[in-house]
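# Build me a model from this:
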Amino acid sequence: MSFSNKTVVITGASRGIGEAAAYEFANKGANVALLARSEDAITTVAKNIGSAAIAIPCDVASYTSVLSACDQVKNQFGQIDVLINNAGVVEPISHMATSSPEDWGEVIDINLKGVYYGMRAVLPDMLARGEGTILTISSGAAHSAIEGWSHYCASKAGAAMLTDMVHAEYGNQGIRAIGLSPGTVATQMQKEIKASGINPVSKLEWSDHIPPEWPARTLAWLAGPDGQRYAGQEVSLRDTNIRNAVGLT
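Now for the predicted structure:
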């Protein structure tokens, strides 16, 4: 599979799934735009990739910041073919009765509004061309209540609905929207979850988590021709059929 002459925008690209996805798409020939608040981290990744990568400091909780970043990508590479909505946070983990309303709202700003802002920024140009792919990192938390994660569960449920909305409104106009629920992944977020000790997810052994390269490879697979059959759906990496189709072991 080649993404030659294609441009992929990845939010939350400084580490974890986002960083792994940047390398995966670049290795398949794509131009990659790395968006994150951590300028030093994405600059390092972009330097490792080379001229096919651009690092753009961006706060996905701000539509102005997201729109400006997308404009920079278009100035550099011409157009945006694939958007990977990956940026997300789970901290601070807290029961609802003792949660900070300000902190709770900030998680919604990043995990939910950030997904909407990315979609809103890229959709007009994609619709004008009659094609485009929007992949959003989902979670089992979008469909199940998990103790201490009211902000995360609510935001992921909302983001899953945004994928449904894009498909409902624009699936017949060449726009492919898919959610990817990777399961538990060996990233910094899992370290934060483990440190909380609140729910069963925090009790998992590190060996229970999959490497970030697995969802990265799956994102590239979904962005290719094989992903078309999953348009408007949420794909789970817990599904052994999906793992086998992607070639994960």
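
# going forward, measure contacts between C-alpha atoms and count neighbours the same way
Fine.

# what's stretch 123-141 in contact with?
For stretch 123-141, the surrounding residues in contact (Cα atoms under 8 Å, 6 or more residues apart in numbering) are 79-86, 115, 119, 152-153, 156-157, 159-160, 163, 170, 173-183, 219, 223, 234.

# Would you list the buried entries among those residues?
When these are checked for burial by 16 or more other Cα atoms under 10 Å, the buried set is 79-86, 115, 119, 152-153, 156-157, 159-160, 163, 170, 174-183, 219, 223, 234.

# Among those, which ones are in strands?
Of the buried ones among the contacts of stretch 123-141, the ones assigned to strands by DSSP state E are V82, L83, I84, N85, I175, R176, A177, I178, G179, L180, S181, E234.

# Please identify which pair of the residues you listed lies farthest apart.
I175 and S181 (19.8 Å; Cα to Cα).

# helices and strands of the protein: which one bottoms out on pLDDT?
Within the chain, confidence by mean pLDDT, DSSP states H and E is lowest for helix 188-196 among all helices and strands, at a mean of 79.

# Please compute how far that one lies from its chain's middle.
In terms of Cα atoms, centre = their mean, to the nearest Å, the centre of helix 188-196 is found 18 Å from the chain centre.

# Repeat that for stretch 144-162.
Centroid separation for stretch 144-162 versus its chain: 15 Å, with Cα atoms, centre = their mean.

# List of residues touching that stretch?
89-90, 93-96, 104-105, 107-108, 111-112, 115-116, 136, 138-139, 141-143, 179, 198-199, 234.

# Among these, name the buried ones.
With burial judged by 16+ other Cα under 10 Å, the buried subset of the contacts of stretch 144-162 is 89-90, 93-94, 104, 107-108, 111-112, 115-116, 136, 138-139, 141-142, 179, 198, 234.

# if I look at the residue sitting furthest away from the middle of the chain, how far off is N48?
Ranked by distance from the centre of the chain (Cα atoms, centre = their mean), the top residue is A97, with 29.3 Å. Remark: distance between A97 and N48 (Cα to Cα, to the nearest Å) = 45 Å.

# can you check A157 too?
In this view, A157 and N48 are 35 Å apart by Cα to Cα.

# Near L135, how many other residues are there?
Using other Cα atoms under 10 Å, L135 is surrounded by 25 other residues.

# Run through the bridge partners of it.
On the basis of DSSP bridges, L135 is bridged to I84, I178.

# how far does stretch 224-236 stretch from start to finish?
So stretch 224-236: terminal residues 17 Å apart, Cα to Cα.

# so who does the most centrally placed residue in the chain touch?
For the chain, the residue nearest the mean C-alpha position is N86 (1.9 Å; Cα atoms, centre = their mean). Contacts for N86 (Cα under 8 Å, 6+ apart) come out as I10, T11, G12, A13, I17, G18, T136, I137.

# So which of those belong to helices?
Using DSSP state H, I17, G18 are the members of those that sit in helices.

# End to end on stretch 165-178, go ahead and measure it.
11 Å.

# pLDDT averaged over that stretch - what is it?
Across stretch 165-178, pLDDT averages out at 98.

# swap in stretch 52-62?
Per-residue pLDDT over stretch 52-62 has a mean of 98.

# do the same with stretch 224-244
Mean pLDDT, computed over stretch 224-244, is 96.

# got the contact list for the closest residue to D109 other than its chain neighbours?
Nearest residue to D109, sequence neighbours excluded (Cα to Cα, 6 or more residues apart in numbering): A61, at 5.0 Å. A61 is in contact with E106, D109, I110, K113, G114, Y117, counting by Cα under 8 Å, 6+ apart.

# any idea which of those residues has the most stuff around it?
G114 (25 neighbours).
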